[in-house]
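Make a model of this:
(one chain, ligands or ions: 1)
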Amino acid sequence: MDLQIDGNAALVTASSSGLGKASAKALAREGADVVINGRDAERLADAKAEVEAVATGEVVAHSADLTEADEVAALVEATVDEFGTIDHLVTSAGGPPSGAFLDTNDEDWQHAYDLLVMSVVRLARESYPHLKEADGGTIVNITSRSVKEALDSLVLSNAVRMGVIGLEKTLSKEFAPEVRANAVLPGPHETSRIRELVEVAVERGDYDSYEEGLDDWAGSPLERIGDPMELGNTVAFLSSPKSGYINGTALPIDGGSTGANL
Ligand SMILES: NC(=O)c1ccc[n+]([C@@H]2O[C@H](COP(=O)([O-])OP(=O)(O)OC[C@H]3O[C@@H](n4cnc5c(N)ncnc54)[C@H](OP(=O)(O)O)[C@@H]3O)[C@@H](O)[C@H]2O)c1
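Residues are numbered from 1 along each chain as shown. From the prediction side, this is the model:
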């Protein structure tokens, strides 16, 4: 299926690794020009080479810390400087640390809010003037299945990410009809985030080995962990006019592992 985004301009945040990188690859493979982002310059350069390998358009790397308002504004401005506009905004971010509620302090909560919610608020605000002028502007927020079902030892993710869903649903109305907004809710995918979470759980004594932890985290009716490109392909579809009537949804991509009926 031709996703009809050839030549469009996309900004994908937190895309030097994992789900953001997979989304950038899927958009670039479909012919979009893509700005990728992260903080670590070396990691970003490696990701740029990887995205370029599948791209037919341009790939530009821009370092920015998503918790800093001025850096987010500069990231959006750099995208417009490079490509003249933004047709597709895809927001990802690093994950908050795992742990129980009593292990968290005010600083942890503030950081999680800045990273997961305020980054999306600022990206949406800065990008909107460009998205609304695009012919089929889209926002896709990468969050977590934790908005549907609270996950053990992930209180920050369970609580704070709900704000992204409230924001996304609001934008799907306020920014319509020019711009569609959707969210994807990943279950376990094979990225450095899941490796880190399992390693910390082993250190905490939750599991005897990494393999035991991964088996538990990756449990789904499909009996496997997700390939990041499976999520990236869905993000590209949601950014495409082929999904033109999908707006304001929050789509689990979790192999069916979430227990909630809806
Ligand atoms: N993978 C999963 O199974 C899974 C499941 C559910 C939810 N999620 C969530 O999905 C999101 C992406 O996860 P992932 O698996 O792609 O993680 P990942 O592979 O660890 O990648 C995280 C990306 O975020 C960037 N990043 C982190 N903090 C940043 C900041 N302050 N400013 C800019 N970039 C930043 C990292 O680059 P730098 O460190 O160089 O900045 C990296 O590119 C996270 O919120 C995660 O919690 C993941």
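
Near the ligand, which residues of the stretch 51-200 of the chain are found?
65-67, 92-95, 115, 142, 144, 186, 188-189, 191-194 (C-beta under 6 Å from any ligand atom). C-betas here are computed from N, CA, C, even on glycine.

Please narrow these to those residing in strands.
If you go by DSSP state E, these have 142, 186 in strands.

Just the buried ones from the residues of the stretch 51-200 of the chain next to the ligand, in ChimeraX syntax?
Typed into ChimeraX, the next command selects the buried ones out of those (criterion: 16 or more other C-beta atoms under 10 Å):
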select :65,66,67,92,93,94,95,115,142,144,186,188,189,191,193,194
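
Quick one: mark the members of the residues of the stretch 51-200 of the chain next to the ligand that sit in helices.
Members of those lying in helices (criterion: DSSP state H): 192-194.

What is the nearest of the residues you listed to Ser243?
When those are compared for distance to Ser243 (C-beta to C-beta), Arg193 wins out at 25.6 Å.

surely Thr143 meets Leu185?
Yes: look at Thr143 against Leu185 with C-beta atoms under 8 Å: they come within range, at 5.8 Å.

Same list, the ones in helices among the residues of the stretch 51-200 of the chain next to the ligand, but as a markdown table with pLDDT please.
Below are those laid out as a markdown table (pLDDT from 0 to 100):
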| residue | pLDDT |
| --- | --- |
| Ser192 | 93 |
| Arg193 | 90 |
| Ile194 | 90 |
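
ranges for the strands of the stretch 101-250 of the chain?
Applying DSSP state E, counting those that start in this stretch to the stretch 101-250 of the chain gives strands spanning 137-142, 179-186, 250-253.

Check which helices and strands whatever helix or strand Leu19 lives in sits against.
Applying DSSP states H and E as the criterion places Leu19 in helix 18-29. Where contact means 3 or more C-beta pairs under 8 Å, 6 or more residues apart in numbering; DSSP states H and E, helix 18-29 is packed against strand 9-12, strand 33-38, helix 41-52, strand 88-91, strand 137-142, helix 228-238.

in the chain, which helix or strand is least confident?
Least confident helix or strand, the chain: helix 210-217 with a mean of 88, by mean pLDDT, DSSP states H and E.

Report the buried residues of that helix.
Quick answer for helix 210-217 (16+ other C-beta under 10 Å): 213-214, 217.

need the contact list for the residue lying closest to Val164 once chain neighbours are set aside.
If you skip the residues right next to it in sequence, Val164 has Thr143 as its closest partner in space, 5.0 Å away by C-beta to C-beta, 6 or more residues apart in numbering. The contact partners of Thr143, by C-beta atoms under 8 Å, 6 or more residues apart in numbering, come to 116, 161, 164-165, 183-186, 250.
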